[in-house]
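Undergrad: dropping the sequence and predicted coords here.
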Amino acid sequence: MKTKFRKLSDKAVYYGQIIGVGAITGLFVGIVVTLFNVLFEGGERFSVSYYAFFRENPAFIPLLFAALFLGGIIIGGILKFLPVLRGTGFSQVEGATQGLYRFKWYEALTGMFASSLFLVFMGLSGGSEGPSLFIGGACGDMTDGVLFRKSDRRYAITGGASAGLAVALNAPLTGIIFAYEEAHKKFTPEVFVCSFSSVAIAVVMRTLLCMWMGIETGPFLAGFNFPQNVELLFCAFVLLAAFAVSLAAVCFYHIFIRMYRLFAKIAFWKGVGRYIIPLLLAGGLGLFTAYAMGSGRELIFGLVSDEVTLFGLPLWAVLLILFAVRFLATAVNTGMRLPACASVPFFAMGAILGKLLSLLFVKMGMDPALTDLLVALSMVTFFMTVVRAPITGILMTVELTGQFAFLLPAVICAAVSYFVGAAFHTKPIYEFMLEKMLEETPPVQSDPSAQSDPPAHPERSEGSPQTGGALLN
């Protein structure tokens, strides 16, 4: 009886420690990531405004490109000095939670925070979700390293990363399921406890901070007009759209691979010089249209409100041009492994295709009132095909739309995206980036626990209360 009671007591203390680490991590993540996203959105607005100045005053354009040239050298020097920042943030966190990669939390947190904001201020195409996730993971590593002994480091990083993603998208379930499907790739009680405790506290902190700053909160797609329910015929249109969008996403994946291999061969100025290319490209595309800049949120909402225009062209031509522009910018930035996320840019490309397909489907008999829903489903389909995360995509659809009635269309999109990706032999894009990152990583940065998960049984764990474990110093 005493032995049984001791085991139960040890488990309670063990899980209590995980909850404690997760809660403290969530507190830090809620503050830091919310601040980061507020600054990121401010940077997007600022870059759009000063690019508008250069369009109106062409004589000053050479100054813009001189600044972008210098910015490319600066960001190249940062990435050479801090290679941990090369990538969107997803691949680094996946490597850390799987025990394949180690990073110093203070370098990751400050470096990703500053470099991502620098890029968005320069007008690049990129989102805040990946950096938010990486910053969250760094906060988790900080909490574990500063306040706790480093026995459950990977759980702390998992909780922080999940919370960072949840805060960035205002999607707590998506953050939690990320821990299972992408980070650890398995379901365990420890993963749930650490991710849930971190996400819950972080989302509460985000809500409180947004209320204090007067910022509205709600679903990502709160401005969309969704129907209360959908007819079975609409699922046929969803099937066609999912197939078309998935093919486009597969095309993007293979272009990204070629971009990565091409840029890897550019070595002038010891590799620093190649980062001038995406900055100068961003300048050219930003002068062409403001819709090429930033994450693409304004473009997405402009599509559903029919406010997107370009040189007086018909809507279908505008959509084709904008898709080509976003496709090129995202492929170059991702292939260069800049510290900027591609998730919302993926959404933007999917939204453009969804709007384009809706023009065709309406003529084929689809109810125009379903256009916004088709756009939303196309957004998530593009993301699911490139990232190969169907469960995350299904829950993301529910949270982004704020509706449970669209589960069937979401499942159709997830199934089609998964099978199309498998048919064309695409790997998850962040796993590809992780593999390349590990090839470049010096052996001293590898995690000695690379091939083993943290123990699932506290009574046999080095991190359990029996052996001292992750107790507060």
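TA: Structure's in. What do you need?

Undergrad: can you show me the CA trace of stretch 397-408 as CSV?
TA: Extracted as CSV, the C-alpha positions of stretch 397-408 are listed here (Å, rounded to 0.1, in the frame of the first residue of the first chain):
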residue,chain,number,x,y,z
THR,A,397,-10.3,25.4,-40.0
VAL,A,398,-12.6,25.3,-37.0
GLU,A,399,-10.7,27.9,-35.0
LEU,A,400,-10.0,30.3,-37.9
THR,A,401,-13.7,30.3,-38.9
GLY,A,402,-15.1,30.0,-35.5
GLN,A,403,-17.6,27.3,-36.9
PHE,A,404,-17.9,23.6,-36.2
ALA,A,405,-20.3,23.2,-39.1
PHE,A,406,-17.5,23.0,-41.6
LEU,A,407,-15.8,19.9,-40.4
LEU,A,408,-16.9,17.8,-43.4
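
Undergrad: got the buried residues for that stretch?
TA: Of the residues in stretch 397-408, those scored as buried under the neighbour-count criterion (16 or more other Cβ atoms under 10 Å) are 397-401, 403, 406. Where C-beta positions appear, they are placed from N, C-alpha and C, glycine not excepted.

Undergrad: same thing with stretch 83-90?
TA: 83-90.

Undergrad: coming back round to it: report the two of the buried residues of stretch 397-408 separated the most.
TA: Of all pairs drawn from the buried residues of stretch 397-408, the one with the largest separation by Cβ to Cβ is 399 and 406; the distance is 11.2 Å.

Undergrad: can you list contacts of stretch 310-327?
TA: By Cβ atoms under 8 Å, 6 or more residues apart in numbering, the list of residues contacting stretch 310-327 from outside reads 125, 252, 255, 285, 288-289, 291-292, 296, 299, 306, 308-309, 345, 348-349, 352-353, 355-356, 359.

Undergrad: so how far is it from its chain's centroid?
TA: Stretch 310-327 has its C-alpha centroid displaced from the chain centroid by 25 Å (Cα atoms, centre = their mean, to the nearest Å).

Undergrad: now stretch 205-216
TA: That offset, for stretch 205-216, works out to 22 Å (Cα atoms, centre = their mean).

Undergrad: pull out the buried residues from that stretch.
TA: For stretch 205-216, the buried set under the neighbour-count rule, 16+ other Cβ under 10 Å, comprises 205-207, 209-210.

Undergrad: could those residues go into TSV alongside secondary structure?
TA: Putting the buried residues of stretch 205-216 into TSV (DSSP: H, G, I helix; E, B strand; the rest coil) gives the following:
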residue	secondary structure
205	helix
206	helix
207	helix
209	helix
210	helix
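
Undergrad: out of those residues, who's nearest residue 429?
TA: residue 206 (27.1 Å).

Undergrad: my read: the closest one touches residue 217, true?
TA: Yes - at 7.5 Å, residue 206 counts as touching residue 217 under the criterion of Cβ atoms under 8 Å.

Undergrad: so what sits against both of these two?
TA: residue 170.

Undergrad: the contacts of stretch 310-327 in helices, which ones?
TA: Applying DSSP state H to these, the entries found in helices are 252, 255, 285, 288, 299, 345, 348-349, 352-353, 355-356, 359.

Undergrad: what subset of those residues is buried?
TA: Burial of those was assessed by neighbour count (16+ other Cβ under 10 Å); the buried members are 252, 255, 285, 299, 345, 348-349, 352-353, 355-356.

Undergrad: what is the most widely separated pair among those?
TA: The largest distance within these, taken as Cβ to Cβ, falls between 255 and 355 and amounts to 21.5 Å.

Undergrad: I'd like to know how far residue 202 sits from residue 261.
TA: Using Cβ to Cβ, to the nearest Å, one gets 37 Å for the distance from residue 202 to residue 261.

Undergrad: looking at the two, which is more packed in?
TA: For the pair residue 202 and residue 261, the greater number of neighbours falls to residue 202 (34 against 11), based on other Cβ atoms under 10 Å.

Undergrad: what's the neighbour count on residue 278?
TA: Other residues close to residue 278 by other Cβ under 10 Å number 27.

Undergrad: local confidence estimate at it?
TA: Model confidence at residue 278, given as pLDDT, is 91.

Undergrad: for it, give me its contacts.
TA: For residue 278, the contacting residues are 72, 124, 332-333, 336, 338, taking Cβ under 8 Å, 6+ apart as the criterion.

Undergrad: give the buried residues for the one helix or strand it maps to.
TA: Secondary structure assigned from DSSP states H and E places residue 278 in helix 276-288. By neighbour count with 16+ other Cβ under 10 Å, helix 276-288 contains the buried residues 276, 278-279, 281-283, 285-287.
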